[in-house]
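>>> with the sequence up front, the predicted model follows.
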Amino acid sequence: MRHHLILRVITKLLVGTIFLFALYVQFHGDYSPGGGFQAGVIMAAGFIIYGLVFTLKRVKQVFPPWLVHKLIALGVLIYAGTGIYSLLAGYAYLDYAALAPHHPEHGQHYGILIVELGVGITVTAVMVAVYYAFASRAPILSDEDW
Amino acid sequence: MDSGTLEFVIGHLNYWLFILLMMTGLYIVVAKGNLVKKIVGLNIFQTSVFMLYISIGKVTGGTAPIFPLDMKVDPDVVYSNPLPHVLILTAIVVGIATTSLGLALIIRIREEYHTIEEDQIAEIENAVLKSEQWASERATGEHS
Amino acid sequence: MLTVTALAVVRTRSLFAVVTLSGVFSLLSALLFVTMDAVDVAFTEAAVGAGISTVLMLGTLALTARSERSTKRSSTVPLLAVLVTGAALVYGTLDMPSFGQSDAPAQIHVGPDYLERIPHEIGVPNAVTAILASYRGYDTLGETAVVFAAGIGVLMLISGLRTRRRKDEDDPETGGSA
């Protein structure tokens, strides 16, 4: 990909915008279409396009595989952990009123934010891990056969 | 055709179109031998099921189920039912999880059998089975 | 247009074209979802179907094959089975309410109830996110667990062990295999 100058320039400009858009979709999931899943997929797409145009080695330096594997589990833990916290506070499992006992409505806001964050982290990490797994195999057919 | 039947046909046409798409996807899964094409057919089947589901939730003259920012809900505005959207959102994500697992399995199958056509894989499996049977018969024949 | 795309997938032999057609199918269905007022679903379908799914399939193609071999089996039995199933499904839809009816059973029980309760109890403008994360939070927890399990499954199957074909032991110099 060293000689595809246009791709390299455009990718450098786009990747920052993609990550910003992913963060916007994640945290504005309450007010506009969006939420954890969409944001996770868009952020993973940012990493994938960087890995396609620049080499896989460089994207692995930015987002190392050991971190990806830890994040896969962290998102699920955040989600389930919110439920456990509600249990410890004396409410039902995943009852968001436990997060703000005097203002149940604010509790719902906090609960939705935290839970969507957990979902977004897991989805990003899983998509990036799957891409790393697929792209690390040596290709059997050479590039000229396409 | 009188207007009652025409209305009935127009009201149900969306279901029939989505069933046509579903059957195309199902045909690809059943009839084609290439594994990657089967996965694509499965995706087509899944997406047309989603379309059927979402069309059940649509209300004529309704709008997307998002309230205004200041939460002053206008009682005259009709919203489409948000519940099918939630279910289908989950289903889409589960669909891609299944697809990625299926593709990983195809890669491993290719490395073991050196082919991804179902007929050739069945031939190889039959040949392996026959040779194992033949080897076990020879072994018992020598012992007795 | 969706039907044309799906039928083209049936007939095409080149797998690269099949994967591209599936991306086109996902984008067209995302447009259809927008016309049916399902904006969240359209967003997710466009991102997932036309983005991630196409990339993963192209990655698989780089590791497997480029075109489909013609099959020797006859296609009459599958065609017959598919026609019978389709006819049964159409027979089932004859009882269903018309498209967009506002007094259909799907529209009068839980949906409007949620729409009424959300402004007081949760106060979040996006009704789909409110139901997804709060009223139906258990389902979303299960879904996250499914994504987690799929990721672990793929890692167990293809964990970055290289095949012995490459002579050098470095990472591939070209970026990715797609």
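Sure thing, it's come through.
>>> got the residues of chain B near chain A?
Residues of chain B lying close to chain A (CB under 8 Å from any CB of the partner chain) are B:64, B:66, B:69, B:89, B:92, B:93, B:97, B:100, B:103, B:104, B:107, B:110. C-beta coordinates here come from the backbone N, C-alpha and C atoms, glycine included.
>>> quick one, which of these are buried?
B:64, B:66, B:89, B:92, B:93, B:97, B:100, B:103, B:104, B:107, B:110 (16 or more other CB atoms under 10 Å in any protein chain shown).
>>> dump these into CSV; add pLDDT and distance to chain C as well.
Formatted as CSV, these follow (pLDDT from 0 to 100; distance: CB to the nearest CB, whole Å):
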residue, pLDDT, distance to chain C
B:64, 82, 5
B:66, 82, 5
B:89, 92, 6
B:92, 93, 5
B:93, 92, 6
B:97, 93, 3
B:100, 93, 6
B:103, 92, 4
B:104, 92, 4
B:107, 88, 5
B:110, 86, 4
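>>> do the helix or strand where residue A:12 lies and chain B meet at all?
Using DSSP states H and E, residue A:12 maps to helix A:5-27. No: judged by CB under 8 Å from any CB, helix A:5-27 makes no contact with chain B; its nearest approach is 13.6 Å.
>>> quick one: buried residues of stretch C:122-139?
For stretch C:122-139, by 16+ other CB under 10 Å, it's C:122-137.
>>> restrict those to those near chain B?
C:123, C:125, C:126, C:127, C:128, C:131, C:132, C:136.
>>> check what contacts the worst-scoring helix or strand of chain C on mean pLDDT and list those residues.
Sorted by mean pLDDT, DSSP states H and E, the helices and strands of chain C end with helix C:105-108, the least confident at a mean of 74. Applying CB atoms under 8 Å, 6 or more residues apart in numbering or on different chains, the external contacts of helix C:105-108 come out as B:56, B:57, B:59, B:81, B:84, C:97, C:101.
>>> if we go to 10 Å?
Residues outside helix C:105-108 that contact it (CB atoms under 10 Å, 6 or more residues apart in numbering or on different chains) are B:53, B:56-59, B:62, B:78, B:80-81, B:83-84, C:96-97, C:100-102.
>>> quick check: the farthest pair among these?
B:78 and C:96 (20.5 Å; CB to CB).
>>> neighbours around residue B:5, how many?
Number of residues near residue B:5 (other CB atoms under 10 Å in any protein chain shown) recorded here: 9.
>>> quick one: mean pLDDT for stretch A:70-77?
On average, the pLDDT along stretch A:70-77 is 93.
>>> coming back round to it: the least confident helix or strand of chain C: how far from the chain's middle?
Centre-to-centre, helix C:105-108 and its host chain are 26 Å apart (CA atoms, centre = their mean, to the nearest Å).
>>> hey, C-alpha coordinates of it in PDB?
Only the C-alpha atoms of helix C:105-108 are listed here, as PDB (Å, rounded to 0.1, in the frame of the first residue of the first chain):
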ATOM      1  CA  PRO C 105     -52.700  -6.100  18.300                       C
ATOM      2  CA  ALA C 106     -49.000  -5.200  18.100                       C
ATOM      3  CA  GLN C 107     -49.700  -1.500  18.600                       C
ATOM      4  CA  ILE C 108     -52.100  -1.400  21.400                       C
END
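>>> give the buried residues for it.
Those would be C:106, C:107, for helix C:105-108 by 16+ other CB under 10 Å.
>>> over to stretch C:24-43?
C:24-30, C:32-33, C:36-43.
>>> out of those residues, which are inside helices?
Secondary structure assignment by DSSP state H places C:24-30, C:32-33, C:39-43 of the buried residues of stretch C:24-43 in helices.
>>> check contacts around residue 63.
Unless you meant another one, I'm taking chain A. Contacts for residue A:63 (CB under 10 Å, 6+ apart) come out as A:44, A:47, A:50, A:51, A:71, A:124, A:125, A:128, A:129, A:132.
>>> I was thinking of chain B, sorry if that wasn't clear
Neighbours of residue B:63 in contact, by CB under 10 Å, 6+ apart: B:77, B:78, B:79, B:80, C:37, C:39.
>>> likewise residue B:72?
Counting by CB under 10 Å, 6+ apart, residue B:72 has contacts residue C:119.
>>> what's the answer for the one 5 residues further on, then?
Contact analysis of residue B:77 by CB under 10 Å, 6+ apart lists B:61, B:62, B:63, B:67, B:68.
>>> from chain A, how far off is the third one?
The reference is to residue B:63. Residue B:63 sits 13 Å away from chain A, going by CB to the nearest CB, to the nearest Å.
>>> so that residue versus residue B:107, what's the distance?
44 Å (CB to CB, to the nearest Å).
>>> likewise for the last one?
The gap separating residue B:68 from residue B:107 is 49 Å, by CB to CB.
>>> the residue of chain C found nearest chain B sits in which helix or strand?
Nearest residue of chain C to chain B (CB to the nearest CB) works out as residue C:98 at 2.8 Å. Secondary structure assigned from DSSP H and E places residue C:98 in neither a helix nor a strand.
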